[in-house]
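Peer 1: Sequence isn't available, so here's the structure alone:
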């Protein structure tokens, strides 16, 4: 009995104290109550710890999910990323084994920005909270990444060769180019977007202002085109230390008249390059005056387009800014190729393909009197009337043929793309060969437009809209 009393917490010396029953003493004894409280607290601690473990596991899953999502959208929003944003994000989640958790991916992009957003969610099975009816915990990850370029430098290269006189081609080009200018040079883009207008036919007239900033063998003042070696088309740079020959001023065709309206180097002011402009009115006035003339040398237009986006051209721009020919806003252009705040792009348009081109033999073009003579006479008009047929070939030589022109165009397009210049090309009523050449020049097949008739406006508008959508900021 005493053993039982001891086990029940009773003390023998209290068995008969006060005449109380030992069972009543057991009931009233408060010793051991802390043990019950301690057991309750242990259970509470275990419960809270279990909840903490479940929450920590859920947070771990959310952290992994968020880290994967952040890396995925940053890679997808990179403007240098060639793969589609959705594919990039999916690839990241697949590689992490989290593909089933990706919920949504949103993409918004234009010519100089890309915004990628994504959301993912996983469910963590609970180990302790399910005792309270909570079987899973949701882990949600979300984010948005954006890369945006503030400044845009555009070289717009327009074909004004003789074939543009067919039908209504020239009027359709004027309308399309005018709409493009008005779109990209909207008031919100003031000081941010520059357009260099580069008309070309069988050569490119750089104009006296640019011409005088170059080292040249200055022969005459009838027009201002410069000759370049074939090696000049291997890179975008216009070497300012090179001394360039001035292009001969003459007209080559078989017309029986002595018209000099189609000179190989375009001669009129509206046919000259207009560099780094944001004056839509002046650009549109120039576009409205463009006339078709002479042959087609696409590679020359493209070379000047690229050269004017190359930072090596900056001294020429600075000189023209000082002379008031270019707005002060563009004093530091062209920007460096690695300037992440600047997009450089070319819009190259033609209605044909590279043609052959000739030059007058040097012996017949080496004096002031020769320069003057050929500024007055269409070459073949003069040869047919003054030179025996067997001697006519001595007066000229072929500098380019079509295949050579295609090769030079390919070279300068590749060099431009290597420098990060985005090239849009438009083949306006071209044949299959012309289309292939222009598509090869473009930054990608999606940057090439093969159009007929009024579709040329749709092509220019499609390019311009991507610039107009932007909210450009310094």
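Peer 2: Right, received. Where do you want to start? Source: prediction; values computed, not measured.
Peer 1: and the end-to-end length of stretch 179-189?
Peer 2: Taking C-alpha to C-alpha, to the nearest Å, stretch 179-189 runs 15 Å from one end to the other.
Peer 1: right, and residue 275 touches residue 308 too?
Peer 2: Yes - counting by C-beta atoms under 8 Å, residue 308 is a contact partner of residue 275 at 6.2 Å. Where C-beta positions appear, they are placed from N, C-alpha and C, glycine not excepted.
Peer 1: who touches both of the two?
Peer 2: residue 196 (C-beta atoms under 8 Å, 6 or more residues apart in numbering).
Peer 1: could you pull out the helices for the stretch 1-150 of the chain?
Peer 2: Using DSSP state H, counting those that start in this stretch, the helices of the stretch 1-150 of the chain run over residues 2-7, 22-28, 33-77, 85-95.
Peer 1: Mean confidence (pLDDT) on the third one, please.
Peer 2: Model confidence over helix 33-77 averages 71 on the pLDDT scale.
Peer 1: per-residue confidence at residue 24?
Peer 2: 61.
Peer 1: my bad, should have said residue 352
Peer 2: So residue 352 comes in at 93 (pLDDT).
Peer 1: cool, and residue 183?
Peer 2: Per-residue confidence (pLDDT) for residue 183: 89.
Peer 1: Distance from stretch 268-284 to the middle of the chain?
Peer 2: 23 Å (C-alpha atoms, centre = their mean, to the nearest Å).
Peer 1: what ranges of the protein fall below the confidence cut-off?
Peer 2: For the chain, residues meeting the criterion pLDDT under 70 lie at 1-56, 58, 111-112, 124-137, 148-149, 466-474.
Peer 1: quick one: the strands in the stretch 51-200 of the chain?
Peer 2: With strands called from DSSP state E, counting those that start in this stretch, the stretch 51-200 of the chain shows them at 102-110, 113-125, 136-148, 151-159, 193-200.
Peer 1: which one of those lies closest to residue 428?
Peer 2: strand 151-159 (7.5 Å; C-beta to C-beta).
Peer 1: ok, that closest one: who's next to it in the sheet?
Peer 2: Using DSSP bridges, the strands paired with strand 151-159 are strand 193-200 (parallel), strand 342-350 (parallel).
Peer 1: following the last one, which helix or strand comes up?
Peer 2: Of the helices and strands lying after strand 342-350 in sequence (DSSP states H and E), the nearest is strand 357-360.
Peer 1: Can you show me the helices along the stretch 201-350 of the chain?
Peer 2: Counting by DSSP H, counting those that start in this stretch, the helices of the stretch 201-350 of the chain are 207-211, 280-289, 298-307, 314-322.
Peer 1: ok, residue 342 touching residue 150?
Peer 2: Yes - under the criterion of C-beta under 8 Å, residue 342 makes contact with residue 150 at 7.4 Å.
Peer 1: Pick out whichever of those two has more residues nearby.
Peer 2: residue 342 (22 against 17; other C-beta atoms under 10 Å).
Peer 1: what's that one in contact with, if anything?
Peer 2: Residue 342 neighbours (C-beta under 8 Å, 6+ apart): 149-153, 335-336.
Peer 1: now residue 454
Peer 2: residue 172.
Peer 1: Phi, psi for it please.
Peer 2: The phi and psi values for residue 454, taken as degrees, to the nearest 10, are phi -70, psi -10.
Peer 1: Quick check: it vs residue 167, distance?
Peer 2: Separation of residue 454 from residue 167 (C-beta to C-beta, to the nearest Å): 12 Å.
Peer 1: Need the strands of the stretch 51-200 of the chain in a markdown table (columns: mean neighbour count and distance to residue 264).
Peer 2: Listed next are the strands of the stretch 51-200 of the chain as a markdown table, based on neighbours: other C-beta atoms under 10 Å; distance: least, C-beta to C-beta, whole Å:
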| stretch | mean neighbour count | distance to residue 264 |
| --- | --- | --- |
| strand 102-110 | 16 | 39 |
| strand 113-125 | 19 | 42 |
| strand 136-148 | 16 | 43 |
| strand 151-159 | 25 | 15 |
| strand 193-200 | 26 | 11 |
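Peer 1: Of those strands, give the one that comes closest to residue 347.
Peer 2: Taking these one by one with C-beta to C-beta, strand 151-159 is closest: 4.9 Å.
Peer 1: circling back to that earlier point, right, so of the strands paired with strand 151-159, which gets closest to residue 209?
Peer 2: Here strand 193-200 is closest among the strands paired with strand 151-159 (C-beta to C-beta), at 12.8 Å.
Peer 1: That closest one: how far from the chain's middle?
Peer 2: Distance, centroid of strand 193-200 to centroid of chain: 17 Å (C-alpha atoms, centre = their mean).
Peer 1: May I see the buried residues of stretch 313-327?
Peer 2: For stretch 313-327, the neighbour count (16 or more other C-beta atoms under 10 Å) marks 313-314, 316-318, 320-321, 325-327 as buried.
Peer 1: Tell me the one among those residues nearest to residue 213.
Peer 2: Of the buried residues of stretch 313-327, the one sitting nearest to residue 213 (C-beta to C-beta) turns out to be residue 316, at 4.6 Å.
Peer 1: nearest spatial neighbour of that closest one, skipping sequence neighbours?
Peer 2: residue 213 (4.6 Å; C-beta to C-beta, 6 or more residues apart in numbering).
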